[in-house]
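1. Sharing a model prediction with you, sequence too.
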There are 2 protein chains.
Amino acid sequence: MGTLNINHELDDQIFNTINPLDPEEFRRQGHKIVNFLADYYQNIEQYPVCSQVNPGYLQKIVPNSAPNNPESLDKILKDVERAIIPGLTHWQSPNFFAYFPSSGSTAGFLGEMLSVGFNVVGFNWISSPAATELESIVMDWFGKMLNLPNCFLFASGGGGVLQGTTCEAMLCTIVAARDQMLRKISRENFGKLVVYASDQTHFSLKKAAHIGTTSTTSVDPLRLLCEIAKEFGIWVHIDAAYAGSACICPEFQVFLDGVENANSFSLNAHKWFFSTLDCCCLWVKDPSALTNALSTNPECLRNKATELNQVIDYKDWQIALSRRFRALKLWLVLRSYGVTNLRNLIRSHVNMAKHFEGLIATDKRFEIFVPRKFAMVCFRISPLVLNEKEVNMFNTKLVESINSCGKLYLTHGVVGGTYIIRFAIGASLTHYRHVDVAWKVIQDHANALLNQGYV
Amino acid sequence: MGTLNINHELDDQIFNTINPLDPEEFRRQGHKIVNFLADYYQNIEQYPVCSQVNPGYLQKIVPNSAPNNPESLDKILKDVERAIIPGLTHWQSPNFFAYFPSSGSTAGFLGEMLSVGFNVVGFNWISSPAATELESIVMDWFGKMLNLPNCFLFASGGGGVLQGTTCEAMLCTIVAARDQMLRKISRENFGKLVVYASDQTHFSLKKAAHIGTTSTTSVDPLRLLCEIAKEFGIWVHIDAAYAGSACICPEFQVFLDGVENANSFSLNAHKWFFSTLDCCCLWVKDPSALTNALSTNPECLRNKATELNQVIDYKDWQIALSRRFRALKLWLVLRSYGVTNLRNLIRSHVNMAKHFEGLIATDKRFEIFVPRKFAMVCFRISPLVLNEKEVNMFNTKLVESINSCGKLYLTHGVVGGTYIIRFAIGASLTHYRHVDVAWKVIQDHANALLNQGYV
């Protein structure tokens, strides 16, 4: 045991030098990061919203290998300020109107901190019962808020699961739908399987497949589609990645009319529900369709609770084995804000979008391109100002010009060949004053471009 | 605009009531959670390592719908203590020896906090250049530490990407390998494709496919396998989910001998590299094999940097579109601890495993079942004590008995019909004294069971 004792002493020296989870060091450094981030939010409007760095900027200012010796947190945080923040596109900025929002919140952040701090790997029930049980509970809470039919709740044989992203949720439901159909028509008919989707569907369809309308947030007529699908035994997945969150407000639940005939439904709580990335909520009517397709029962995970069929093992509801304790952040969001405030926050974003529409209406050079349903406005400089050939090019230039000034960030879509500007409201820090300023910036850039010879 | 003004005023009231990302509230509450978690680590040894709750425990003690009104963080944290912590299996406990470790660290936690705080969605370069560039840089840093052949680094045409889990990494590489082969043999030969794996492979193969040896952490002879595969043009993916991290130590790099002939290599930094869940590092020799299989180019993500082919868009290297800024935590781990300390920490775990082997050798009733390579020891009560029929049953009972006492948590495997006990060292708080106590507990439970009539 001589060598072992020597190792023992050397290792004690190592533990004295470095204890990667020392509680007091954790406390000291944790407070520093909280202050760093609070200051970041305080100052967030000072940064260009869309990063203005050039490709390859970072490699020029950081070493090309990891350091041999430890570096202090203070030094690292200076580098975050110097090297990382200039390369961020600030999704939490109140002037971020691009893509869809990625709405953070204090409660979501705190829930994620708890999840990261506990750092449990909740693949099955026994690996951390609270992770599984809280997830089932908040998914039922959320389902009730959305007024989803009971058949999607655990109490009635359905149930919900938190996935990372819509792509994962869709991949799972497609695999489930495929296996369910192949059991009916036999495996040799694999080649006859078809996936239907709207022509405006999200591009993740190429990686999985779903129904959705990313560019314009229009909504498909669910009742009609579901009824046809039911007739032919087709699995219907409803992807409401962005707009699903709005359906906690009764006035938006009309968009879910017919959902009782769908097989599955998903939304991204990390888009418009104050839960940080990643947090995709997926409900299914028949969990066994998922578990039949995705179950594994390796010896090393065998345990009594699973064998007695008393529990959910969420690893069988998803592609991956490992899973984070995402339910905590959703639980903190729901409890910290409460249903009434969450509805009002969603409504405030919708009201700001209406307000922005009102602003557009004051300037006849612009037009609203498609009717607004939620908190995203699709607009453009109208062909009344320019001829039809020039108008797409002009709007492209307008977006580039606005984004390169750094005062706000917005993105575009193309619908039926027409280039449209998307103005998505939903960043948690956005208030009316930001919308007003954004409109002013948009007008200023339009004026400048038009003065440069477009009229 | 009358209605709009009314909305405006109502919304101002809402914003005054609730501001989901108010910096000062964020600061105040963030500090509370830091303290809560520091106290949790301080007290972690007081809790039973494996949760002792019964299925359905949580539903009995929480409401069945989300609250309408906000609840205070203090109230929520009381519920975390009362309702969540008893339902946790404490993966960060120094007495956690089950499955594989999920090694947390202060640096990993801080990196994750920054990532959650910035909450950027880094699907392509422009959506946050720092997220993409830092990821490429730390993947090269890590690759160099592992002494991976240059062909896996960006400088030489290869490159790395952070995925969530090994299952995701394998799914990506299988899709890439499939499409690469189908381009050669044409799509109608789809049915002829075969995936080979070891008979001891990880069960995630059922969801994707790879090479690996979960139960015992044995290592396949890479050089031989890769050479055969090369001859037949077979894509080889090396899954070193657990043990890959050890290969930052030169003395373990022998296990990677032959890797230059593989196509892809992955390890989970969230297992044994002090990075919290999830963080799977995947290197590929030919990134275009991934991007050919996984690219999407929707209009709304079109941007100059992508079109000029100047940048990486990591969405094309993975299944999902959305992606978290995981590189930050790996960057903080590498810089906060430094390569020398990280190697020594890995070695200390291996030394503790050797120490545990030494303890087992002092008790002739036990045997080491397979040679130890890293920091996991596979052992059992030997058939010398009991007859071969009884021995599996006895070891099963021994594990159940130990886990139900709550003092430590370990899990089992079955290799060739033999039930083995797995003792995996790697929790960041584990020191020699925990290993010594664990051994004492194991002996006590063995004595008690043997006294109950097994001898």
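-> That came in fine, so what should we check first?

2. Next, see if the top helix by length along chain A gets close to chain B.
-> Within chain A, and with DSSP state H defining each element, the longest helix by residue count is helix A:327-361. Yes: using C-beta under 8 Å from any C-beta of the partner chain, helix A:327-361 reaches chain B at A:328, A:332, A:334-341, A:344-345, A:347-348, A:351-352, A:354-355, A:358. For the C-beta atoms, the positions are set from N, CA and C on the backbone; glycine is no exception.

3. Report the buried residues of that helix.
-> Under the neighbour-count criterion of 16 or more other C-beta atoms under 10 Å in any protein chain shown, helix A:327-361 has A:327-339, A:341-357, A:359-360 buried.

4. Stretch A:299-316 now?
-> Neighbour-count burial for stretch A:299-316 flags A:300-301, A:303, A:305-306, A:311-316 (criterion: 16+ other C-beta under 10 Å).

5. domains for chain A, by residue range?
-> Following automatic domain parsing, one finds the domains of chain A at A:41-103+A:342-455, A:121-324.

6. Lowest average confidence across the ones you listed, which one?
-> Of all the domains of chain A, mean pLDDT reaches its minimum on domain A:121-324 (a mean of 89).

7. how far is it from where the chain is centred?
-> Averaged C-alpha coordinates place domain A:121-324 at 15 Å from its chain's average position (C-alpha atoms, centre = their mean, to the nearest Å).

8. Quick one: the helices in the stretch 351-455 of chain A, in order.
-> Along the stretch 351-455 of chain A, counting by DSSP state H, counting those that start in this stretch, helices occupy A:388-405, A:432-449.

9. I'd like the ones you listed laid out as CSV, including distance to residue B:239 and mean neighbour count.
-> Compiled in CSV, these are given as follows (distance: least, C-beta to C-beta, whole Å; neighbours: other C-beta atoms under 10 Å in any protein chain shown):
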stretch, distance to residue B:239, mean neighbour count
helix A:388-405, 41, 17
helix A:432-449, 47, 17
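
10. I'd like to know which of those is closest to chain B.
-> If you check each of the helices of the stretch 351-455 of chain A against chain B by C-beta to the nearest C-beta, helix A:432-449 wins as the nearest, at 5.9 Å.

11. So is the closest one next to chain B?
-> Yes: contact of helix A:432-449 with chain B (C-beta under 8 Å from any C-beta) involves residue A:432.

12. and the angle from the longest helix of chain A to helix A:432-449?
-> Relative orientation of helix A:327-361 and helix A:432-449, computed by axes from the mean of the first three to the mean of the last three C-alpha atoms, to 10 degrees: 50 degrees.

13. residues from the stretch 151-300 of chain A in reach of chain B?
-> Residues of the stretch 151-300 of chain A lying near chain B (C-beta under 8 Å from any C-beta): A:164-168, A:171, A:202-204, A:206-207, A:214-215, A:268, A:270, A:274, A:276-278, A:294, A:296-300.

14. Of the residues you listed, which belong to strands?
-> residue A:268 (DSSP state E).

15. Now, of the residues of the stretch 151-300 of chain A next to chain B, which are buried?
-> Neighbour-count burial (16+ other C-beta under 10 Å) applied to these gives A:164-168, A:171, A:202-204, A:207, A:214-215, A:268, A:270, A:274, A:276-278, A:294, A:296, A:298, A:300.

16. surely residue A:181 meets residue A:235?
-> Yes: if you go by C-beta atoms under 8 Å, residue A:181 and residue A:235 touch, sitting 7.4 Å apart.

17. and the nearest residue to residue A:80 once chain neighbours are set aside, which of the three is it?
-> Counting by C-beta to C-beta, 6 or more residues apart in numbering or on different chains, residue A:80 lies nearest to residue B:114, which is 6.8 Å off, once chain neighbours are set aside. At residue B:114 the chain is in helix, as set by DSSP: H, G, I helix; E, B strand; the rest coil.

18. Surely residue B:114 and residue A:32 touch.
-> No: look at residue B:114 against residue A:32 with C-beta under 8 Å: they stay out of range, at 11.0 Å.

19. From the neighbour counts alone, determine which of the two ranks first.
-> The neighbour comparison of residue B:114 against residue A:32 (other C-beta atoms under 10 Å in any protein chain shown) goes to residue B:114, with 23 against 14.

20. all strands for chain A, in order.
-> Under DSSP E, chain A gives strands at A:159-163, A:237-239, A:264-268, A:280-284, A:366-368, A:376-381, A:411-415, A:418-424.

21. So the last one, near chain B or not?
-> Which is strand A:418-424. Yes: Strand A:418-424 comes into contact with chain B (C-beta under 8 Å from any C-beta), by way of residue A:422.

22. Residues contacting that strand, please?
-> A:97-101, A:215-216, A:353, A:356, A:369-370, A:375-380, A:391-392, A:395-396, A:398-399, A:410-414, A:438, B:300 (C-beta atoms under 8 Å, 6 or more residues apart in numbering or on different chains).

23. make it 7 Å
-> Here strand A:418-424 makes contact (C-beta atoms under 7 Å, 6 or more residues apart in numbering or on different chains) with A:97-101, A:356, A:369, A:375-380, A:392, A:395-396, A:399, A:410-413.

24. Compute the inter-axis angle for that strand and strand A:376-381.
-> Relative orientation of strand A:418-424 and strand A:376-381, computed by the same axes, to 10 degrees: 140 degrees.

25. Which pLDDT value goes with the closest residue to residue A:20 other than its chain neighbours?
-> Spatial nearest neighbour of residue A:20, excluding adjacent residues (C-beta to C-beta, 6+ apart): residue B:105 at 3.7 Å. The score at residue B:105 is 98. That number is its pLDDT.

26. Likewise for the one 3 residues further on?
-> For residue B:108, the pLDDT comes out at 98.

27. swap in the one 4 residues further on?
-> Predicted confidence (pLDDT) for residue B:112: 98.

28. got a list of what it touches?
-> Residue B:112 sits next to A:116, B:276, B:329 when contact means C-beta under 7 Å, 6+ apart.

29. Same question for residue A:109.
-> The contact partners of residue A:109, taken as C-beta under 7 Å, 6+ apart, are A:276, B:116-117.

30. okay, these in JSON lines with distance to residue A:67 next?
-> Putting these into JSON lines (distance: C-beta to C-beta, whole Å) gives the following:
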{"residue": "A:276", "distance to residue A:67": "29"}
{"residue": "B:116", "distance to residue A:67": "25"}
{"residue": "B:117", "distance to residue A:67": "24"}
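
31. So the residue nearest to residue A:20 is in contact with residue B:429, correct?
-> No: assessed by C-beta atoms under 7 Å, residue B:105 is found out of contact with residue B:429, at 10.1 Å.

32. what is in contact with these two at once?
-> residue A:21.

33. what about those two, which has more around it?
-> Set residue B:105 next to residue B:429 and count neighbours by other C-beta under 10 Å: residue B:105 wins out with 27 against 22.

34. how close does the more buried one get to residue B:236?
-> With distances taken as C-beta to C-beta, to the nearest Å, residue B:105 is found 32 Å from residue B:236.

35. Now residue A:342: closest residue in space that isn't a chain neighbour?
-> residue A:248 is the one closest to residue A:342 (C-beta to C-beta, 6+ apart), at 6.1 Å.

36. who's in contact with the one you found?
-> By C-beta under 7 Å, 6+ apart, the contact list for residue A:248 reads A:145-146, A:339, A:342-343, A:346.

37. still on that earlier bit, show only the entries of the residues of the stretch 151-300 of chain A next to chain B found in helices.
-> Counted as lying in helices by DSSP H, out of those, are A:166-168, A:171, A:270, A:294.

38. just these now: which is nearest chain B?
-> residue A:167 (4.1 Å).

39. burial of the residue in the stretch 101-250 of chain A positioned nearest to chain B, as a residue count?
-> As assessed by C-beta to the nearest C-beta, chain B sits closest to residue A:130 within the stretch 101-250 of chain A, at 2.9 Å. Using other C-beta under 10 Å, residue A:130 has 26 neighbouring residues.

40. That one: what's its closest spatial neighbour, skipping adjacent residues?
-> Closest residue to residue A:130 apart from its sequence neighbours, by C-beta to C-beta, 6+ apart: residue B:87 at 2.9 Å.
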